[in-house]
Structures are given as C-alpha cells and as structure tokens.
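S.K.: Kindly generate the corresponding structure for this input.
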Amino acid sequence: MKVKTPKKPWIGGRVLKTGIAVFITSLICLALDLPAIFAVITAIVTIEPTTHDSIRKGIIRFPASAIGAGLAASTVYFFGESPLTYTLAATLTIILCQKLKLYDGTLVAALTSVAMIPDLQDYLFLSFLIRLGTTSIGITVSTLVNVLILPADYLDNIERRNHQHLLQMKNTLYESLNRLLNVSPQDKKNHLSYEVMQRELAKTDQLLHYQRKELRYHRFKFKKYKHYITLMKTMTFLQRAILHLGNLQYLPRKMIFSEYEQLLLTRAKTEFNQLLDNMDKPMEDSYFQFIDELNQHLRYEFSYSRSSPRLQLHEYQLSGKVILFYELLAIHDLLEDLHHHILTIRQKERNGQ
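M.R.: Down below sits the predicted model:
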C-alpha cells in the first residue's frame, strides 16, 4: 500500500492565521489610538490548533491578563519603576494565576504585567483599563480569525499517518522476530523503533482529538464525519495491535527453538510483511494456512508446557514460547480486523458512498 507524502506548504495554516490576527489587531488598536503591543502579544499566543482551544483558553486569558495588569499598576503605585517592581509584578502574577488555576493565561498575564510597567504614568487606573481593553481586542480578534479563516482540518494528515504506522509496525515486528531468532542482536535499535512508533501513534491520537473538537464548531458534511469515524476506528486497531507488539519486546532472548519453530517464525516474518504491505488487497490462502499452523502449535506448546515437570519448579504458568505464539496470533486477529476494515472502506469508495 503505497503512500504519497505531499510537500509541506511553505507557510502553515496557523502561521498564516497568526499573521492575519496580528495585522487586524494592530490595525484596530492604531485606529483607536491605543497601544498595540499588548494586544499583539495576546493575539499571537491565542491562536491554537483548534477553535475549541482558542475559545476556552481565551476565556481564561482575559481574567489572567486583568490580574497581571492590576498587579503591575499596584506595584508601580507603591514602588515606582524599579527592579523590585518588575520582580513583584511577575512573581505575584504567576503565583496568583497558578492559585486560581488560570494555567493557560499565566504566560500572557506575566508578559502583560512586566511590559506595561515602563508606560505607566500618573493615571494608573486609566492605564489599567486601556491595557485590559487592548488585551480583549487581541483575544477577540485571534479567536474570530481561528473560527472563520482556514478552520483546522487534520483528516488527510491523520490518514497519511495511519498508513505510515502500518509501515512502522511491519518494520518493528520484523526486527522483533529477528531478535528472537538471533538474526539481529541489536536490542536497543529494536526498542527504539518501538518507542518511536509509540510516540508517533500518540501524535496521531492527538490530531484525532483536535479534529473531534473542531467538528463541534463548524458545519460539516456527513461524509467528513464518516471519514473521521473511519480514521478513529483504524487508530483503535493500531493502538490495540501495538500493545501486543510491545509484549514481544520484553520476551527473553535466550529461548531455544526447534527447527520447526524457527521455520514458523521465519514464515511469520514473511507472511506479516506481505499482509501489512497489501492491506487493501484480499488475503492469500498461504496466509490462512500459516495462521492455522501457528494456532495448532500454540495449542501444542501450551499443553506441553503444562505437563512439563520443569514448570513445577517455579510459579510461571505460561512459558516464553506460549506468550510469543499467543502474541503473534493476537496481532493476527487485530490485523485481520483492520484488513477487513480497510477493504470495506475501499469498496465504499469504489461504489461512491
């Protein structure tokens, strides 16, 4: 299953929206003869990956900015512009925001607090209101830009990443079996590829989370919602499969395999590779024959290990071989479900559904 990796745009959507928000914010502030710096700072940090986050964090940042501006005015009133003023304004702003659980507004509040100190003159309360007003302009403009301009759409990116996860799974499974067969002694490399796959899956899951939030705020076609559900189901299969793949990473290397078991594991590498390379094509008969042999050998190994007197010397109920063949069958079950899921998607695409 070949995946085309499109070229990344020179300017990303969030960068473009940030530029638009800064331009509109500064335009409004200058037209009203208000200082634009605080509004621009707020506009920059308010652009979030999703509309939901932009609105939610904007609501948090407004009271946080009010706290920062208020503390700046208070410290200037008592101490004037001095090192102690900057220290107290920043420190007290951070402490108060943390105590009030305004975590997402702490940065904006602290920046507002220290940045407005040099400009505070005799009319402290008026300066406080002006800073609060410009901050409100920045939050409002950036939120509206995030909602109305280039709404986030991660579906195509998620689909590409899911295809890449299949390739990562193929490579990690191949390396894991090589390690058990002592073909590849590089344990660190194998663990590294597994950890990389875990991190990449977590990133894809985060994108799905972003997309779910985004769908709440925009009218969308039912086809797009079905696409999201399909990708989420694919992700579920991948997450379950990687759990079993992870169990292979911790099997003991010093297992002695019979000639038949070595042949079976070698076939496992070939059959799983072929399946993961052709997830959108029907399964071969040889694959089902291999799975049947794997299943039969698991049953034999389990009954043999239970009757072996060596197992009575320790508390383990399952031998390393039983765990190995069980995990391979568990991976097969999930990949078979995923294969059926992908074939169903392709069939619907051909039928124009």
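S.K.: which residues of the stretch 51-200 of the chain fall in helices?
M.R.: For the stretch 51-200 of the chain, applying DSSP state H, counting those that start in this stretch gives helices covering 51-79, 83-99, 106-115, 124-148, 155-180, 187-214.
S.K.: which other helices and strands contact the third one?
M.R.: Applying 3 or more CB pairs under 8 Å, 6 or more residues apart in numbering; DSSP states H and E, one finds that helix 106-115 contacts helix 37-46, helix 51-79, helix 83-99, helix 124-148. Yep, even glycine has a C-beta here, placed from its N, CA and C like the rest.
S.K.: How about residues contacting it?
M.R.: Around helix 106-115, the neighbours that count as contacts under CB atoms under 8 Å, 6 or more residues apart in numbering are 37-38, 41-42, 45-46, 61, 64-65, 67-69, 71-72, 86, 89-90, 93-94, 97-98, 102, 131, 135.
S.K.: Distance from it to the middle of the chain?
M.R.: How far helix 106-115 lies from its chain's middle: 29 Å, per CA atoms, centre = their mean, to the nearest Å.
S.K.: got the angle between that helix and helix 83-99?
M.R.: Between helix 106-115 and helix 83-99, the angle comes out at 160 degrees (axes from the mean of the first three to the mean of the last three CA atoms, to 10 degrees).
S.K.: The first one now?
M.R.: Here helix 51-79 points in a direction 140 degrees away from that of helix 83-99 (the same axes, to 10 degrees).
S.K.: okay, the angle between helix 51-79 and helix 187-214?
M.R.: For helix 51-79 against helix 187-214, the angle by the same axes, to 10 degrees is 90 degrees.
S.K.: Helix 51-79 to helix 37-46, inter-axis angle?
M.R.: Using the same axes, to 10 degrees, helix 51-79 lies at 150 degrees relative to helix 37-46.
S.K.: Compute the inter-axis angle for helix 51-79 and helix 124-148.
M.R.: Calculated by the same axes, to 10 degrees, helix 51-79 forms an angle of 170 degrees with helix 124-148.
S.K.: Now helix 51-79: buried residues?
M.R.: Buried positions in helix 51-79, judged by neighbour count with 16 or more other CB atoms under 10 Å: 51-55, 57-58, 60-62, 64-76.
S.K.: and it, how far from the chain's centre?
M.R.: 29 Å.
S.K.: Who are the packing partners of it?
M.R.: Where contact means 3+ CB pairs under 8 Å, 6+ apart, helix 51-79 is packed against helix 37-46, helix 83-99, helix 106-115, helix 124-148, helix 187-214.
S.K.: do the same with the last one
M.R.: In this structure, helix 187-214 makes packing contacts with helix 51-79, helix 155-180, helix 222-248, judged by 3+ CB pairs under 8 Å, 6+ apart.
S.K.: From V141, how far out is H339?
M.R.: 48 Å (CB to CB, to the nearest Å).
S.K.: what's the answer for T344, then?
M.R.: Taken as CB to CB, the span from T344 to V141 is 45 Å.
S.K.: between those two, who's got more neighbours?
M.R.: Taking neighbours as other CB atoms under 10 Å, T344 and V141 compare with V141 leading, 25 against 11.
S.K.: rewinding a little: of all the helices and strands packed on helix 187-214, which lies closest to D277?
M.R.: Among these, helix 155-180 comes nearest to D277, with 7.0 Å by CB to CB.
S.K.: Could you give the average pLDDT over the closest one?
M.R.: For helix 155-180, the mean pLDDT works out to 92.
S.K.: swap in stretch 341-353?
M.R.: Mean predicted confidence for stretch 341-353 is 80.
S.K.: Tell me the buried residues in the helix or strand containing I20?
M.R.: If you go by DSSP states H and E, I20 is part of helix 13-31. For helix 13-31, a neighbour-count test (16+ other CB under 10 Å) marks G13, K17, T18, I20, A21, V22, I24, T25, S26, I28, C29 as buried.
S.K.: ok, the fifth one - contacts?
M.R.: Taking CB under 8 Å, 6+ apart as the definition of contact, the neighbours of A21 are A43, I44, T46, I47, G138, V141, S142, V145, N146.
S.K.: Sort those by pLDDT and name the bottom one.
M.R.: T46 (80).
S.K.: Neighbours of it, how many?
M.R.: T46 has 27 neighbours, counted by other CB under 10 Å.
S.K.: For stretch 139-154, buried residues please.
M.R.: Applying 16+ other CB under 10 Å to stretch 139-154 flags I139, T140, V141, S142, T143, V145, N146, P151, A152, D153, Y154 as buried.
S.K.: The fifth one reaches I55, doesn't it?
M.R.: Yes - with the criterion set as CB atoms under 8 Å, T143 and I55 qualify as a contacting pair; they are 5.8 Å apart.
S.K.: Go ahead and confirm K203 touches R161.
M.R.: Yes - with contact defined as CB under 8 Å, K203 counts as touching R161 (7.5 Å).
S.K.: quick one: which of these two has more around it?
M.R.: R161 (22 against 12).
S.K.: How confident is the prediction for S113, by pLDDT?
M.R.: Reading off the model, S113 has pLDDT 87.
S.K.: ok so, going back, between the helices and strands packed on helix 51-79, which one is closest to L173.
M.R.: L173 lies closest, by CB to CB, to one member of these: helix 187-214, at 9.7 Å.
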